[in-house]
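Visitor: What follows is a predicted protein model with its sequence.
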Amino acid sequence: MQSKWQSFLEAKLNTLSGFFISWALMHWVIPLIWLTPVSAGQSFSITMLFTVVSVLRNYVIRRVFNGFVKK
């Protein structure tokens, strides 16, 4: 079973791999939706917000499932 730190690290590394893909895609997807150019800084900010939420979500889900295994 994973420790809490290992769960957090796994969630963080899993999300980090998607971070760079999301950041690159954000630069092209948002203008398609809003028809407005987006700067690299704006793309980065939006991607960071989603990344933090994703890490927390992965951590909580992992801890819940580890709780099921304990019982």
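Guide: Nice, thanks for sending it over.
Visitor: Stretch 34-45 spans what distance, first to last residue?
Guide: 17 Å (CA to CA, to the nearest Å).
Visitor: That one - what's its average pLDDT?
Guide: Mean per-residue pLDDT for stretch 34-45: 80.
Visitor: contacting residues around that stretch?
Guide: If you take CB atoms under 8 Å, 6 or more residues apart in numbering as the criterion, stretch 34-45 is touched by W23, M26, H27, I30, P31. For the C-beta atoms, the positions are set from N, CA and C on the backbone; glycine is no exception.
Visitor: give me the number of residues near the residue nearest to the last one when sequence neighbours are not counted?
Guide: Take P31 and drop its neighbours on the chain: the residue closest to it by CB to CB, 6 or more residues apart in numbering is P37, 5.6 Å away. Neighbourhood size, P37 [other CB atoms under 10 Å]: 9.
Visitor: and P37, which of the three is it?
Guide: Here P37 is recorded as coil under DSSP: H, G, I helix; E, B strand; the rest coil.
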